[in-house]
Structure formats: C-alpha cells, structure tokens
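**Student:** Quick one: sequence plus predicted model below, questions after.
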Amino acid sequence: MNGSRAGTTTGIMLLLALALALPLSAAGTPSENNPATVSEHNRRLVSDAFERWSAGQDGFFTQVPDPEVVWTIAGSGPSAGRFEGRDAFEQRAVRPFIACLSAPVRPVSHQVWADGDHVIVHWHGQATAVDGLPYRNDYAWIMRMQHGRAVDVVAFLDLVPYDAVLKRLGPDCTRGLPEPADRPRRL
C-alpha cells in the first residue's frame, strides 16, 4: 500500500506542477478567453511602440496601425476628418504636417491604458516648425486593436495649434488636407 500511495502522491504532484506551469507559459500570448491577458498584451504593444517613438526611432505608424485602419481626427478644424487606410492617413494628414516641421513630433510623455481590445493613450508631443517656432500639443488616442494592430483610431488634440502650423507655413504644408465632405460635423 505504501508503494501505491507514493505513486498516487507523485502523480498528483506532477498534475499540480503542470497546472501551475501552464498559466505561466501562456502568459505571453493573449487569449480571447482571458480579457486581462488581452488588455495587457495590447497595452504592452502600444506602450513599447511609444517608448521607441519617444527615443527617436521611426516606425510607430507602420508598426501599430493596421494597413486598413480607419483613423479619425476629431473636431471641427480644417484638419479634422476620417481617413480610411494607413496610406490615406499618412498622405493626407501626417506628411503635410511633417513637411512643416524641422523634425517629426516626438512624444515627451505618455500614459497608456487598456481594456480588452481598446487602448487609450494620452500623450504630450513636441516639435519645432521649419520657421523655428515651437509646436506643442496634448493628444488622446482611442484605439481598437485586432491581432496586435490598431484597426480603428479616434484622435483628440487641440486643432488650433496644429492648424496654425499648417496655415502659417503656407500651401506646401496644407496640400492633401481632407475635403470638407470628409470632415465630421460639429457636435
């Protein structure tokens, strides 16, 4: 009986060890059955991308937004609008603005929160325009994630300083802005 009890105890200990080890090995991959894991995975993806961007590395707009992202700049200024696809967003919003800057906007601080497939980033960005004047703005981006990519983004920012850079520096910087029909209506 002693040998049988030892075998049963060993078997139970092996099962317990496996049960304890499984959650640890699966912690790095999100599971649709575990919203906390999905939230942390998405939060980490976006947070890491912001850290790289803050450090001066390119790639945020190619790594995080899905090629088919729907990106909305909320508001009622000339730059507000809905952009369907990463290329459209880059061509009509990002590139015209970057053309007015001596270096792209860089996040100098940011906070990231996640709840399931939604990630919210509040960040402060700074840059210098080609005319030497500073550009500073606070942003809040709400992203819906799928498979590690943002598929829907709503961006909130103060459009007054953003549009002021575009207006002050002339038509070379404003080429490609959304047409009035693309702009959301004021609420």
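**Tutor:** That came through, no problem. Numbering: from 1, shown residues only.

**Student:** And the helices in this structure?
**Tutor:** Along the chain, counting by DSSP state H, helices occupy 2-26, 35-54, 60-63, 86-89, 95-98, 159-168, 171-174.

**Student:** what residue lies at the spatial centre of this structure?
**Tutor:** Central residue check for the chain by C-alpha atoms, centre = their mean: the C-alpha nearest the mean position is that of V46, 5.1 Å away.

**Student:** Can you give me the distance of the closest residue to that residue other than its chain neighbours to A74?
**Tutor:** Once flanking residues are discounted, V46 sits nearest to V119: 4.8 Å by C-beta to C-beta, 6 or more residues apart in numbering. Every residue, glycine included, has its C-beta placed from N, CA and C. Going from V119 to A74 by C-beta to C-beta, to the nearest Å gives 17 Å.

**Student:** do the same with H147
**Tutor:** 25 Å.

**Student:** more crowded one of the two?
**Tutor:** Applying other C-beta atoms under 10 Å to H147 and A74 shows that A74 carries more neighbours, namely 17 against 8.

**Student:** I'd guessed the more buried one sits against Y162; true?
**Tutor:** No - using C-beta atoms under 8 Å, A74 makes no contact with Y162, being 12.0 Å away.

**Student:** so where's this structure shaky on pLDDT?
**Tutor:** Where the chain drops to pLDDT under 70, the residues are 1-33, 35, 171-187.

**Student:** so where's the longest strand in it?
**Tutor:** If you go by DSSP state E, the chain has its longest strand at strand 134-146.

**Student:** where's it relative to the chain centroid, distance-wise?
**Tutor:** 8 Å (C-alpha atoms, centre = their mean, to the nearest Å).
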